[in-house]
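*Asks:* give me coordinates for this.
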Amino acid sequence: MKLIRFGLPGEEKPGVVTGAGMFDVSAFGEDFGERFFETDGINRLTAWFAANAGQCPKVAEGTRLGSPIQRPSKIICIGLNYADHARETGAAIPAEPIVFFKSTSALVGPNDDLVIPRNSEKTDWEVELAVVIGKKASYIEQKDALDYVAGYCLHNDYSERAFQIERGGQWVKGKSCDTFAPLGPWLATKDEIADVDNLRLWLTVNGKTMQDGNTSNFIFNVPYVVAYLSQFMTLLPGDVISTGTPAGVGLGMNPQVYLKPGDVIELGIDGLGTSKQTAVAYK
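*Replies:* Predicted coordinates for the structure are as follows:
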């Protein structure tokens, strides 16, 4: 199943995507948030939709998509999780996952504008596979980790490199600006993705390919990361884990390249759709 949320910002309704298009499942009576996931919502919705699909209105093409999940309790990111990306930034291959947070207020729809922050000169892109947690996870083992996953999404982990690297403290400052977490178009449930460790992910800026990688090159794969994080914090249903980016970010280029108003960023992952953001200046 593919889950979407559609409509104006702050007024999104739940929907699903099938081979016949996008359908409004508001009549199911629940949005896609923590309560939905923790009460076996995916299986309940699957059964409900099988019985009620004929009564579900079709969502018009071109309707704005929001984040496919309601604002989660946390967005956790993994840094330098592809060896080629670590090399391009001059960093050592990490012995353990590098963990940082991204503010949940950065969350937006997949095709919403990227607002370049006030005083930013180094806004950068990062195509990433996002994992959405399906049930409460604490001190779990790697062999069981995928049992706690609801599904996967496309994520662009936008980063302001001066805020992140040159201003001291933690990376979170460069990761959390408004619009820095476009998620979606949809959440694909686990059964939709045959092999999460072999997905192509790519990103272009103004039509030029910048990133073209594969999750087979993870340093720490999805089960490892989920189990690892659960040793340090409780993962709640709906939480988002962004698993790192392959080589090709602006920071790693010589000379470095950063986004400016008018730039168009497009990205995609096998089975998880594509998204497109246009960079605009802060007003």
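*Asks:* what does the average pLDDT come to for stretch 226-235?
*Replies:* The average of the pLDDT scores along stretch 226-235 is 98.
*Asks:* now do that stretch: distance to the chain's middle.
*Replies:* 18 Å (CA atoms, centre = their mean, to the nearest Å).
*Asks:* stretch 259-279 too?
*Replies:* Here stretch 259-279 is found 12 Å from its chain centre; the criterion is CA atoms, centre = their mean.
*Asks:* list the buried residues for it?
*Replies:* Using 16 or more other CB atoms under 10 Å as the test for burial, stretch 259-279 gives 259, 263, 265-273, 275-277, 279. Just so you know, the C-beta spots here come from the backbone N, C-alpha and C atoms, and that holds for glycine as well.
*Asks:* could you do stretch 103-114 as well?
*Replies:* Ser103, Thr104, Ala106, Leu107, Val108, Gly109, Pro110, Asn111, Asp112, Leu114.
*Asks:* and which of the residues you listed is nearest Lys135?
*Replies:* Nearest to Lys135 among the buried residues of stretch 103-114: Thr104, at 19.4 Å, using CB to CB.
*Asks:* so what touches stretch 82-100?
*Replies:* 76-81, 170-172, 175, 213, 217-220, 224-225, 228-229, 232, 244-249, 251-252 (CB atoms under 8 Å, 6 or more residues apart in numbering).
*Asks:* which members of those are classed as buried?
*Replies:* The buried subset of these (16+ other CB under 10 Å) comprises 76-81, 171, 175, 213, 217-220, 224-225, 228-229, 244-249, 251-252.
*Asks:* so of these, which ones are in strands?
*Replies:* Ile76, Cys77, Ile78, Gly79, Gly213 (DSSP state E).
*Asks:* could you dump these to TSV with pLDDT and distance to Asp157?
*Replies:* Compiled in TSV, these are given as follows (pLDDT from 0 to 100; distance: CB to CB, whole Å):
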residue	pLDDT	distance to Asp157
Ile76	98	11
Cys77	98	6
Ile78	98	10
Gly79	94	10
Gly213	97	14
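*Asks:* and these, which is closest to Val132?
*Replies:* Ile76 (11.4 Å).
*Asks:* hmm, Phe101 and the closest one touching each other?
*Replies:* Yes: in this structure, Ile76 is within contact of Phe101 by CB atoms under 8 Å, at 6.2 Å.
*Asks:* flag every buried residue along whichever helix in the chain runs longest.
*Replies:* Ranked by residue count and defined by DSSP state H, the top helix of the chain is helix 41-52. With burial defined by 16+ other CB under 10 Å, the residues of helix 41-52 counted as buried are Gly41, Ile42, Leu45, Trp48, Phe49.
*Asks:* helices of the stretch 1-150 of the chain, start to end?
*Replies:* Using DSSP state H, counting those that start in this stretch, the helices of the stretch 1-150 of the chain run over residues 34-38, 41-52, 83-88.
*Asks:* send me the shortest one as CSV with only the CA atoms.
*Replies:* Output in CSV follows, covering the C-alpha atoms of helix 34-38 (Å, rounded to 0.1, in the frame of the first residue of the first chain):
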residue,chain,number,x,y,z
GLU,A,34,1.4,8.0,15.7
ARG,A,35,-2.0,6.6,16.8
PHE,A,36,-2.7,5.2,13.3
PHE,A,37,0.6,3.3,13.2
GLU,A,38,0.6,2.0,16.8
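*Asks:* mind checking the pLDDT average for that helix?
*Replies:* 98.
*Asks:* report the buried residues of it.
*Replies:* Glu34, Phe36, Phe37, Glu38.
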